[in-house]
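1. the following comprises the amino acid sequence and a computationally predicted model.
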Amino acid sequence: MAIGYLKIIYSGSFINAQFIASILEDNNIKCVIRDDFHNSIVAGWVAPGSENSVRVLVAKEDLQNALKVINESKNNLK
């Protein structure tokens, strides 16, 4: 997965990001969770958090498949 070609597919809470990441990984889609708020705490300073401080990113070439998998999982939860 090339870093310059990641696309954000989710932005919101940490719990939801973990859930989405697990769905993607169960379907063999690699993803990255980026949490700027917690990263700033580890670095020794705290950036003001927002509700959208956690993002799930996938490779550009996996974007359509990832969105399809997430939508199918969402429909199965109804």
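-> Received the coordinates, thanks. Numbers count the residues shown, from 1 in each chain.

2. switch to C-alpha atoms for all contacts and neighbour counts from now on
-> Fine.

3. measure the most centrally placed residue in the chain to Ile8 for me?
-> What sits nearest the mean C-alpha location of the chain, by C-alpha atoms, centre = their mean, is Val56, with 1.3 Å. Look at Val56 and Ile8: by C-alpha to C-alpha, to the nearest Å, they are 6 Å apart.

4. show me where pLDDT drops low in this structure?
-> 1-4, 37-52, 78 (pLDDT under 70).

5. how are the strands of this structure distributed by residue range?
-> Counting by DSSP state E, the chain has strands at residues 6-12, 31-35, 54-59.

6. can you say which of those strands is packed in most?
-> strand 54-59 (a mean of 23; mean count of other C-alpha atoms under 10 Å).

7. partners of it in the sheet?
-> strand 6-12 (antiparallel), strand 31-35 (antiparallel) (DSSP bridges).

8. Gln18: which of the ones you listed is closest?
-> Closest of those to Gln18 is strand 31-35, at 7.7 Å (criterion: C-alpha to C-alpha).

9. if we can go back for a sec, let me have the strands paired with strand 54-59 in a markdown table, extended by distance to Asn71.
-> Below are these laid out as a markdown table (distance: least, C-alpha to C-alpha, whole Å):
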| stretch | distance to Asn71 |
| --- | --- |
| strand 6-12 | 11 |
| strand 31-35 | 16 |
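
10. now do the phi/psi pair for Lys30.
-> Per-residue torsions, Lys30: phi -70, psi 140 (degrees, to the nearest 10).

11. turn the strands of the chain into TSV, including distance to Leu24.
-> Converted to TSV, the strands of the chain look like this (distance: least, C-alpha to C-alpha, whole Å):
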stretch	distance to Leu24
strand 6-12	11
strand 31-35	7
strand 54-59	9
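
12. looking at these, which is closest to Asn76?
-> strand 6-12 (18.5 Å).

13. pull the residues that contact the closest one.
-> 17, 51-60, 63, 67 (C-alpha atoms under 8 Å, 6 or more residues apart in numbering).

14. between the residues you listed, which is nearest Cys31?
-> Nearest to Cys31 among the contacts of strand 6-12, with distances taken as C-alpha to C-alpha, is Val58, at 4.7 Å.
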